[in-house]
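**Q** here are the coordinates; sequence isn't available:
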């Protein structure tokens, strides 16, 4: 079964964020933010005070309009949501400036940034506000969408429209894929050029700490020089995640053994560098990769043309295999959360991937004709091969810890081959790896510890639900 978020970690995260939202909405803070944003754009007078315009997954945003028509946006890294606010902010500023200087991808201009906004509101980025009519998700999603819904691709969208919208994303991805680096990590501006000197900060790392209670000191702390080293680190993180998440990690003894075995298989394969293609010529050439590049962050004008790509947090130089994997967001919803089940997601995705790749080929042809891309830099064939071979699932599972168990049968097919069903592949888990006697003992001890943790949580929940309520004196006697 799929691993769930740790409810206690989630509640603690929400409590911190709710306190921040309350402070961010207070009159004193709004006044200080208004003065701060006005000071940073002294060439014109503000029309009104700063207004709260958005509460995103990781940021809290204010907007201010000025007499000359300019508008600015102040983004604060939200405590309780952004678990590495300073590191996240610094990395995002660097990558936005790099993209502005090295591609034609439209990104907002940065006016100012720093580690302490007024009233001790923490790290911030002040940038131009880009007006838009819509975003790409709104164009792609199923009609009748309500704010509390998860978006899903409109099943009735016509192919020419889908190809047009997909094509703009394909062009963005092509431009990012042309940027190559010699290490895996986050960008920084060096004296003469852009350098990779800090660890890769990923969305999964943020969620592991926020929603899994993952110890920060167990996360990677440096850059990586090879794909195999990085994939081993990701496999290790998935094992540590299962080990350290105290609540909602397992449902039964059998479930725990299955999850443990999956992670040990990946660790052993990663240890032998068998999760990557060592014969790939560019296996030490790393590409700029954004964990949060998805249609919601693609702003469009009234003609459905891209006017800005926003939210570049969790962008890092990554193994080229990540860039060569087709994007999961073609259906807007992730495979692990698809309402009709993962098999239906795969079938639906496969039909949409053909349209996306057709759009990408068209944009590749234009870029090659204009001299902006070479034949060797095409992504379409690599993405097709990644999906067909199953490499897509290996990369996806390593990058998304909570999805690993539900997508395992597809990883199993990639690694072990065969025509078994999903259920049969789960049943075969024990035979996929040869444990020594000591390793069997290690697994038994691990499983018993996780079961004790689950029992303790269940007992605490029972005690809480049966504790006498205020005024119920009869239970106190």
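**A** That came through fine. Note that the structure is a prediction, hence the values are computed from the model and not measured.
**Q** Stretch 255-268: which residues count as buried?
**A** 255-267 (16 or more other Cβ atoms under 10 Å). Backbone N, C-alpha and C define where each C-beta goes, glycine included.
**Q** do the same with stretch 292-307
**A** By 16+ other Cβ under 10 Å, the buried positions in stretch 292-307 come out as 292, 293, 294, 295, 296, 297, 298, 299, 300, 306, 307.
**Q** ok, now which ones touch residue 170?
**A** 356, 359, 360, 363, 379 (Cβ atoms under 8 Å, 6 or more residues apart in numbering).
**Q** Out of those residues, flag the one nearest to residue 187.
**A** Within the contacts of residue 170, distances to residue 187 taken as Cβ to Cβ reach their minimum at residue 379, with 20.9 Å.
**Q** Any quick PyMOL command for the buried ones out of the contacts of residue 170?
**A** Only the buried members of the contacts of residue 170 enter the following PyMOL selection, criterion being 16+ other Cβ under 10 Å:
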select buried, resi 356+359+360+363+379
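**Q** how about JSON lines for the contacts of residue 170, with distance to residue 435 and pLDDT added?
**A** Listed next are the contacts of residue 170 as JSON lines, based on distance: Cβ to Cβ, whole Å; pLDDT from 0 to 100:
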{"residue": "356", "distance to residue 435": "41", "pLDDT": "98"}
{"residue": "359", "distance to residue 435": "47", "pLDDT": "97"}
{"residue": "360", "distance to residue 435": "43", "pLDDT": "97"}
{"residue": "363", "distance to residue 435": "48", "pLDDT": "96"}
{"residue": "379", "distance to residue 435": "40", "pLDDT": "97"}
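**Q** could the contacts of residue 170 go into a markdown table alongside distance to residue 121 and secondary structure?
**A** Below are the contacts of residue 170 laid out as a markdown table (distance: Cβ to Cβ, whole Å; DSSP: H, G, I helix; E, B strand; the rest coil):
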| residue | distance to residue 121 | secondary structure |
| --- | --- | --- |
| 356 | 40 | helix |
| 359 | 42 | helix |
| 360 | 41 | helix |
| 363 | 41 | helix |
| 379 | 40 | coil |
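**Q** all helices of the stretch 151-300 of the chain, in order?
**A** 159-177, 203-212, 227-244, 253-271 (DSSP state H, counting those that start in this stretch).
**Q** and residue 147, what element?
**A** Assigned by DSSP states H and E, residue 147 falls within no helix or strand.
**Q** Mind splitting the chain into its structural domains?
**A** Domain segmentation of the chain under automatic domain parsing yields 7-128, 134-431.
**Q** if we can go back for a sec, deepest of the helices of the stretch 151-300 of the chain, which one?
**A** The highest mean neighbour count among those, using mean count of other Cβ atoms under 10 Å, belongs to helix 203-212: a mean of 22.
**Q** rewinding a little: residue 174: which of the buried residues of stretch 255-268 is nearest?
**A** residue 266 (30.4 Å).
**Q** Spatially nearest residue to that closest one, not counting backbone neighbours?
**A** Among residues not flanking residue 266 along the chain, residue 235 sits closest, at 4.3 Å (Cβ to Cβ, 6 or more residues apart in numbering).
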